[in-house]
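> need a structure here:
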Amino acid sequence: MSSSAARPLRRGDQPPPPPAPAFSASIPYDFDESVRGTWAHDTRAGLVVFLVALPLCLGVALASGAPLFSGLITGIVGGLVVSRISGSQLMVSGPAAGLTAIVASAIIELGSYPAFLLAVVLGGVGQLLLAALRAGVLGYFFPSSVIKGMLAAIGLTILLKQLPYALGAGLPTDTVRVGGEGVGMVEAIIMAATDVHWGVLALTALSLAILFAWDHPALARAKRLMPAPLVVVGAGLLMAALLPRLSPALAVPSDALVQLPSLADGGWRAVLVAPDWSRLGDSAIWTVALTLTLVASLETLLSLEATDKLDPFKRTASANRELVAQGVGNSISGLLGGLPMTGVIVRSAANISAGGRTWRAAWFHGLFLVVAVAALTPLLNRIPLAALAAILVHTGWKLAHPSTFRSALRVGPTYYLPFVITVVAILATDLLVGIGIGIAVGAVFVLWNSYSHAYYLHREESADRHHVRLNLAEDVTFLNKVRINEALEALPSGAIVTVDGSRSKYIDHDVIEILHDFHERATTRQITFRLIGIPEPRLASDH
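Numbers count the residues shown, from 1 in each chain. Prediction:
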């Protein structure tokens, strides 16, 4: 087989069909499906992603303390614009639960939503600068213990911030939501708990029961046919209509329903909010913009890596090109009044599961969002906030699942301590400060290991570059990820490769994951890949 046959697929290439489970992944397949067939797959997948994204766009805006319409704007931009620029065929971009804590605190700190939109635009420009600096390897310099700790802390924050809505709190008339204007999360929960609306609480309980039931393996087929968030929204609409017939006291209050402005008769002018350019010289704006640049880029790069691993066609996308796409998307979203966006793994996984083949699936999901905004606003305004809150509580629970803490503990103190300290620091301070503290703790372990054992990557090759041997150093840390990953990606097609870690006293868990991930996809590049003395990854998901 020629080396050109092993070239990674790029935009415009027709992907081969995924290998059948009963055969080896190294068997070549011919792709004879027509473009029309690809469009059919992508249209169906786009519809599924739309059904998942619609409640999440509203829910993330709710959790962020932003106008609900802003989440839909971000989803539309992510679908129609970012999908066309991104090098990823299957990743879906939109408002992310991981940014809700930053957005909610930034809106309060900056004093107005237009001022925050300026930070979103500048954050997008910052991502373009990162791309120009070829900073797509940024994610490799963050230890996974800190990243997992960040996600767990975000999950806890999301869960706590949604409890007031789950208990019956309604939307205030101003932009700042529950927990703002000096009312912290704990105080907001106590206030809501002293005035529980029993009809809303029953609706929340039903929604959570559906969400957790949908995770059961016995309902895997139902999950593929009907996304759980859509089922929750449908059940919420039905229950909200039935509760007043059971008892007027159980009726969901009007301020506890979604409130989207109508776009008819020039209503679109009210939702397309412009940034406050008069605040351009405000240092607080630039601080928020820098935070958005770093965190949104990191979350996107992590989602891109995860999406590439899930891609049945084993395609890989350029991280720097993705930063360009996200930078353009965030700049446009901020200009139109939308939230900041990232690549999101939940919607991307739904796209892959639904049979998406190319970028058109994400584009169609954006188109379906436009149709919903234009034609279904009266229906959307009947959705109870409690249904959206339940979706986000479930999301927060999965991000901060107890199994995540158990898995981190199994890896060992060099992983668990930075993980826990990152979680505590983020909850006690803010996201950026917490991440910085987590990285500092991780650096202490790196310095200690570096003091005890020198680390390096040594590479030996035969004259014909056909036989390659990579001897790992005595001490291999997460800082070696970039060099090791570059060495693996530079291996020629048809090489016979041995990675020897038998003499290594310490191999970081991140490096172990990289080696095993490459081992799984080496056959797609006709590479014979053998590991010696490399342990199995110890961090496994329990849910």
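
> In the protein, where is pLDDT below threshold?
1-37, 171-185, 264-267, 449-465, 539-543 (pLDDT under 70).

> Using the record's assignment, carve it into domains.
36-398, 401-452, 457-532 (automatic domain parsing).

> Quick check: Leu260 is in a strand.
No - the assignment for Leu260, made by DSSP: H, G, I helix; E, B strand; the rest coil, is coil rather than a strand.

> May I have the phi/psi pair for it?
phi -100, psi 140 (degrees, to the nearest 10).

> tell me the contacts of it?
68-69, 72, 377, 380-381 (C-beta atoms under 8 Å, 6 or more residues apart in numbering). The C-beta positions use only the backbone N, C-alpha and C, and glycine is treated the same way.

> now the strands for the stretch 251-400 of the chain?
Along the stretch 251-400 of the chain, the stretches classed as strands by DSSP state E, counting those that start in this stretch are 341-344.

> Strands of this protein, start to end?
92-95, 341-344, 457-461, 467-472, 475-476, 496-500, 506-507, 528-532 (DSSP state E).

> Off-centre distance for the longest one?
When you say that, I think you mean strand 467-472. 35 Å (C-alpha atoms, centre = their mean, to the nearest Å).

> Span of stretch 373-392 from start to end?
21 Å (C-alpha to C-alpha, to the nearest Å).

> Buried residues of that stretch, list them for me.
373, 377, 380, 383-392 (16 or more other C-beta atoms under 10 Å).

> and the gap between His516 and Glu536?
7 Å (C-beta to C-beta, to the nearest Å).

> Of these two, which one has the most company?
His516 (14 against 8; other C-beta atoms under 10 Å).

> how deep is the closest residue to the more buried one other than its chain neighbours tucked in, by neighbour count?
Leaving aside its chain neighbours, His516 sits nearest to Pro537 (5.9 Å; criterion: C-beta to C-beta, 6 or more residues apart in numbering). Number of residues near Pro537 (other C-beta under 10 Å) recorded here: 14.

> So what does Pro537 look like in phi/psi?
Torsion angles, degrees, to the nearest 10, at Pro537: phi -60, psi 140.

> I figured it hits Glu513, correct?
Yes - applying C-beta atoms under 8 Å, one finds Pro537 in contact with Glu513, separated by 5.3 Å.

> Now do the contacts for the closest residue to Pro114 other than its chain neighbours.
The shortest distance from Pro114 to any non-neighbouring residue, by C-beta to C-beta, 6+ apart, is to Asp276 (3.8 Å). Asp276 sits next to 112, 114-115, 117-118 when contact means C-beta under 8 Å, 6+ apart.

> List the buried residues for the top helix by length along the chain?
As assigned by DSSP state H, the longest helix anywhere in the chain is helix 35-64. By neighbour count on 16+ other C-beta under 10 Å, the buried set for helix 35-64 is 38, 41-42, 45-46, 48-64.

> gap between it and the chain center?
14 Å.

> do the same with stretch 399-415
On C-alpha atoms, centre = their mean, the centre of stretch 399-415 falls 20 Å from the chain's centre.

> Just the endpoints, please. Distance across that stretch?
End-to-end for stretch 399-415, by C-alpha to C-alpha: 17 Å.

> Who's the closest spatial neighbour of Val328, skipping the chain neighbours?
For Val328, the spatially nearest residue (C-beta to C-beta, 6+ apart) is Ile85, at 5.8 Å.

> Tell me which residues touch the one you found, please.
Counting by C-beta under 8 Å, 6+ apart, Ile85 has contacts 321, 324-325, 328-329.

> State the distance from it to Asp508.
Distance, Ile85 to Asp508, by C-beta to C-beta: 34 Å.

> what's the answer for Val103, then?
With C-beta to C-beta as the criterion, Val103 and Asp508 are 33 Å apart.

> and what of Leu417?
For Leu417, the distance to Asp508 - C-beta to C-beta - is 14 Å.

> same check, this time on Gly46
39 Å.

> Distance check, the most centrally placed residue in the chain against Glu299.
Ranked by distance to the mean C-alpha position of the chain (C-alpha atoms, centre = their mean), the top residue is Val344 at 3.2 Å. Using C-beta to C-beta, Val344 is found at 8 Å from Glu299.

> can you list residues touching both of the two?
Ala96.

> okay, the contacts of Ile85 in CSV with neighbour count next?
Output for these, formatted as CSV (neighbours: other C-beta atoms under 10 Å):
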residue, neighbour count
Arg321, 17
Val324, 20
Ala325, 27
Val328, 21
Gly329, 31
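
> Distance from the chain centre to stretch 316-336, please.
Counting by C-alpha atoms, centre = their mean, stretch 316-336 comes out at 14 Å from the chain centroid.

> Please apply the same query to stretch 122-135.
19 Å.

> Quick check: buried residues in that stretch?
So for stretch 122-135, counting by 16+ other C-beta under 10 Å, buried means 122-128, 130-131, 135.

> now do stretch 251-271
251-252, 256-260, 263, 271.

> How many neighbouring residues does Thr498 have?
15.

> I'd say it and Leu515 touch.
No - the pair Thr498 / Leu515 is not scored as a contact, 11.6 Å apart, by C-beta under 8 Å.

> Determine which stretch of the strands of the chain is the most buried.
strand 92-95 (a mean of 34; mean count of other C-beta atoms under 10 Å).

> Quickly run through the sheet partners of it, with directions.
In the sheet, strand 92-95 lines up against strand 341-344 (antiparallel) (DSSP bridges).

> For Ala317, see how far away Leu301 is.
In terms of C-beta to C-beta, Leu301 sits 10 Å off from Ala317.

> before we move on, back to that, please report how far the residue nearest to Val328 lies from Ser331.
12 Å.
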